[in-house]
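>>> Quick one: sequence plus predicted model below, questions after.
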Amino acid sequence: MRIVFFGYGELGAIVLRGIAPHHEVLLVLTHSVEFSDLGEPDVELAAAELGLPVRYSATAREPDLHEHLRELAPEVIVSTNWRTRVPPEVLRIPERGAVNTHDAVLPAYAGFGAVNWAIRNGEEETGLTVHYMAEDLDTGPVITQARVKIGVHETAGQVLGRLLTEYVPVTLEALNRVNAGYQGKPQPPEGASFYHRIGVEDTRIDWRDDAHHALQPGTRPVGSVRQRVDDVPGAPALDHDCCPADPGARRHAWPDRQGRLWRCGRCQRRPAGRRRPRGGTASGPYRDRPTSARPRLLCRLRRVPSLRR
């Protein structure tokens, strides 16, 4: 089919490379590298490799772009990781409609950060949905879906890595169905949910939660992780065998589901040879031992300030 591709970032580039050998891509529309400070030129690089014409837009609202699309007369628009809402007048241009690949099993987890939210909420599976695009985000009829399991110890990055292998097959399957005239299956209202973009407030630890919930892999704690436990209202002090040399000792640390430890700030333990975090005091069972004798705590998260000092 004759296609105009809307996409951005690694996801967009993967799908573009996957569909280009099977369909005629008339135009690639992407965001500039500077768009929203994301700095992802993957789609424009992929288009250059494939010898495809490229055009840039932030919102796809330019009147001259609309005229250009009408002149191209695509049969379908394919969208993958396009970062803004596509105007309704653009969705009406292609003969067979516009399709989008969303990283969730719709109608659940429409919106943003679907994989992260699914892990945070303790879901056992997620997936991809290719759907016809409608004026409201992620609400159009479903063309096809793919599902992947979420392992009990998996992070969002690991799940996204497995989803990447499904993007091209599920998109090609959907395009075959569109070409055959399939109109899709309307999304039921039951089980529908919409999630906003993840912000700083969504990543703060609620000290009233148990350790298992507070340390879900989709959550990136910030802020209060360096506070002393007795400075945080409701913060528990838990018993865990976090040091093999001293089993059963009381520790103010939270183990995640991979057995790695997150410090709460009270013990103020740190890697050997590193200086103490500013404003902290050495306390707990290791306060009288040299720095080199204190256990090094591992954390699944990168660049946690209190562990980099």
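Yes, it's here.

>>> What is the neighbour count of D42?
Around D42 there are 20 other residues, counting by other Cβ atoms under 10 Å. C-beta: built from backbone N, CA, C; applies to glycine.

>>> Go ahead and confirm it touches G12.
Yes: applying Cβ atoms under 8 Å as the test, D42 and G12 come out as touching, 6.5 Å apart.

>>> Chain neighbours aside, what residue packs nearest to A114?
Sequence neighbours aside, A104 is the residue nearest to A114 in space, at 3.7 Å (criterion: Cβ to Cβ, 6 or more residues apart in numbering).

>>> my read: the one you found touches I119, true?
No: applying Cβ under 8 Å as the test, A104 and I119 come out as separate, 11.7 Å apart.

>>> And these two? Which one has more around it.
Of the pair A104 and I119, A104 is the one with more neighbours under other Cβ under 10 Å, namely 24 against 21.

>>> Could you check the pLDDT of that one?
Listed pLDDT for A104 reads 96.

>>> can you tell me how far it sits from V90?
Relative to V90, A104 is positioned 23 Å away (Cβ to Cβ, to the nearest Å).

>>> swap in F5?
From F5 to V90 the distance is 13 Å (Cβ to Cβ).

>>> list the residues that contact both of the two?
Common neighbours of F5 and V90, counting by Cβ atoms under 8 Å, 6 or more residues apart in numbering, are I77.

>>> Looking at these two now, which is surrounded by more residues?
The residue with more neighbours, out of F5 and V90, is F5; 28 against 21, by other Cβ under 10 Å.

>>> I'd like the average pLDDT over stretch 185-196.
Here the average pLDDT along stretch 185-196 is 94.

>>> In the protein, where's the longest helix?
helix 156-179 (DSSP state H).

>>> got a list of contacts for that one?
Contacts of helix 156-179 (Cβ under 8 Å, 6+ apart): 1, 3, 10-11, 14-15, 17-19, 22-23, 76, 78, 80, 96-97, 99, 101, 103, 115-116, 118-119, 126-128, 130, 143-146, 148, 150-151, 217-218.

>>> tell me what the helix or strand where S79 lies is packed against?
Assigning secondary structure by DSSP states H and E places S79 in strand 76-80. Packing partners of strand 76-80 (3 or more Cβ pairs under 8 Å, 6 or more residues apart in numbering; DSSP states H and E): strand 2-7, helix 9-19, strand 98-102, helix 156-179.

>>> can you pull the buried residues of that strand?
By 16 or more other Cβ atoms under 10 Å, the buried positions in strand 76-80 come out as 76-80.

>>> ok, of those residues, which one's closest to A110?
Checking these against A110 with Cβ to Cβ, the nearest one is S79 at 14.4 Å.

>>> Any regions of the stretch 151-300 of the chain where pLDDT drops low?
206-207, 209-300 (pLDDT under 70).

>>> let's see it at 50
217-256, 260-300 (pLDDT under 50).

>>> and the nearest residue to E123 once chain neighbours are set aside, how many neighbours?
With sequence-adjacent residues excluded and distances taken as Cβ to Cβ, 6+ apart, E123 is closest to I150, at 6.0 Å. Number of residues near I150 (other Cβ under 10 Å) recorded here: 22.

>>> ok, I150 to A104 distance?
I150 is 12 Å from A104, by Cβ to Cβ.

>>> Show me whatever sits in contact with both of the two.
118, 126.

>>> what sits against the closest residue to L27 other than its chain neighbours?
Distance criterion Cβ to Cβ, 6+ apart; nearest residue to L27, sequence neighbours excluded, is V4 at 4.8 Å. Contact analysis of V4 by Cβ under 8 Å, 6+ apart lists 25-29, 69, 72, 74, 76-78, 94.

>>> Out of those, which end up buried?
The buried subset of the contacts of V4 - by 16+ other Cβ under 10 Å - is 25-29, 69, 74, 76-78, 94.

>>> now the residues you listed in a markdown table, with distance to D138 and pLDDT?
Formatted as a markdown table, those follow (distance: Cβ to Cβ, whole Å; pLDDT from 0 to 100):
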| residue | distance to D138 | pLDDT |
| --- | --- | --- |
| V25 | 24 | 98 |
| L26 | 25 | 98 |
| L27 | 24 | 98 |
| V28 | 22 | 98 |
| L29 | 19 | 98 |
| L69 | 22 | 98 |
| P74 | 22 | 98 |
| V76 | 18 | 98 |
| I77 | 15 | 98 |
| V78 | 16 | 98 |
| P94 | 19 | 98 |
